[in-house]
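# Generate a structure from the sequence data that follows.
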Amino acid sequence: MKYILLLLLVLQGFAIADAQNVGIGTAAPTSKLLIRGNGTTAATSALDVNNSANTSLMFVRDDGNVGIGTTSPTSRLHVEGGQVLINNALDLSRLRLKFSNTGAATNSSNQIVFENSANNTWIQYQGGPNLGYFGVAPDAMEWWWYPSGSPGPQCCHRRFAILPTSGPYVGTMTVVIDGTGQMFGNGWSQPSDSTLKEAVQRIASPTAKIKALNGYTYDYKESSGLDNGRPHSGVIAQEVARVMPEAVSASPQGDYLTVNYDALIPLLIEGMKEQQAQIDAQQQQLAQQAKLIEELGRRD
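Reported below is the predicted structural model:
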């Protein structure tokens, strides 16, 4: 009976060699387990592991593509559903790819793509009603946001960019953020084109507003996480909010106030102009008084 069973196994393509190697689809296995497929294309498969419900858990096609949770793998490793988790000895996750989209994203591109530098490296994610791109090239990095269904990152809003050191954008921006959140760069620009603005008005009573502000030197509290061991100079957000509330915002967590110091520059410009107008008027008045005194002197 044992020999009949072995004969049937051999006829079915199952073989056990003298070295206790097991072969499926081959009579001469060269390893402990060798499975030989039925071809070399996507039309056939070499391995299909199913559970008790006859659902495919792992599928190996003869063209080399491996599917986990799918029998139609479109790449060398295609994981359908679930997560990919790589742990080290301390059980800390080193790589986790998890996609739990709760909205109807209409863009059908791959969610994460790593490419070589010749094609640039784009990491694309999508989820919910809005999509995004995060891209890293050999000498640049960009982060884009674009509405659902848009054709690609070039269409819409660039959120952050460090541009190349060569080509049309040479020298545009180099950014460094240190451990205390201080930013360094070779220049900062803000959108200010008149075509972007409406309800444009001159700043009213600029000198009075400037007089309501004070300049201080101070140290950040150690508990703030902003202390770098150096003294600082600036204004107090609460004082600025009383005269220029548009220059004051709350932190993302809402636990402290921030000041847009660039917003104070137009106030200083208008304040200087108002003060200069007062000086010009006083000089004109003094000139008129001097002329009057001169005329009175001639009469005497």
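
# what residue ranges in the protein score low on pLDDT?
Scanning the chain for pLDDT under 70 picks out 1-19, 86-181, 300.

# same thing but at 90, please
The chain contains residues with pLDDT under 90 at 1-38, 46, 54, 74-76, 78-192, 222-230, 251-254, 291-300.

# and the longest helix anywhere in the chain, what does it pack onto?
When the chain is scanned for its longest helix (criterion: DSSP state H), the result is helix 264-299. Contact here means 3 or more CB pairs under 8 Å, 6 or more residues apart in numbering; DSSP states H and E; on that basis helix 264-299 packs against helix 206-211. No exception for glycine: its C-beta is placed from N, CA and C like everyone else's.

# what's next to the helix or strand just after the helix it packs on, contact-wise?
Along the chain past helix 206-211, the next helix or strand (assigned with DSSP states H and E) turns out to be strand 216-218. Under the contact criterion CB atoms under 8 Å, 6 or more residues apart in numbering, strand 216-218 has outside partners 231-236.

# again with stretch 47-60
35, 37, 45-46, 66-71, 73.

# make it 10 Å
By CB atoms under 10 Å, 6 or more residues apart in numbering, the list of residues contacting stretch 47-60 from outside reads 24, 35, 37, 45-46, 61-62, 65-73, 78, 80.

# what would the contacts of strand 216-218 look like in a markdown table with secondary structure and distance to Val248?
What follows is those, written out as a markdown table (DSSP: H, G, I helix; E, B strand; the rest coil; distance: CB to CB, whole Å):
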| residue | secondary structure | distance to Val248 |
| --- | --- | --- |
| Pro231 | coil | 23 |
| His232 | strand | 17 |
| Ser233 | strand | 18 |
| Gly234 | strand | 13 |
| Val235 | coil | 10 |
| Ile236 | coil | 10 |
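
# Out of these, which comes closest to Leu286?
Closest approach between the contacts of strand 216-218 and Leu286, by CB to CB: Val235, at 34.6 Å.

# Give me the number of neighbouring residues for that closest one.
Val235 has 16 neighbouring residues, counting by other CB atoms under 10 Å.

# Can you tell me the SS state at Pro252?
coil (DSSP: H, G, I helix; E, B strand; the rest coil).

# same thing with the one 3 residues further on?
When the structure is reduced to helix, strand and coil (three-state DSSP), Asp255 reads as coil.

# For Ser223, see how far away it is.
12 Å (CB to CB, to the nearest Å).

# re the thing from before, now the buried members of the contacts of stretch 47-60.
The neighbour count (16 or more other CB atoms under 10 Å) marks 24, 37, 45-46, 61-62, 65-68, 70, 73, 78 as buried among the contacts of stretch 47-60.

# Where strands are concerned, which of those count?
Judged by DSSP state E, the buried ones among the contacts of stretch 47-60 include 24, 45-46, 61, 66-68, 78 as members of strands.

# re the thing from before, tell me the buried residues within the contacts of strand 216-218.
Buried among the contacts of strand 216-218 (16+ other CB under 10 Å): Val235.

# what's the closest of the contacts of strand 216-218 to Glu274?
Minimum distance to Glu274 across the contacts of strand 216-218 is 19.6 Å, recorded for Val235 (CB to CB).
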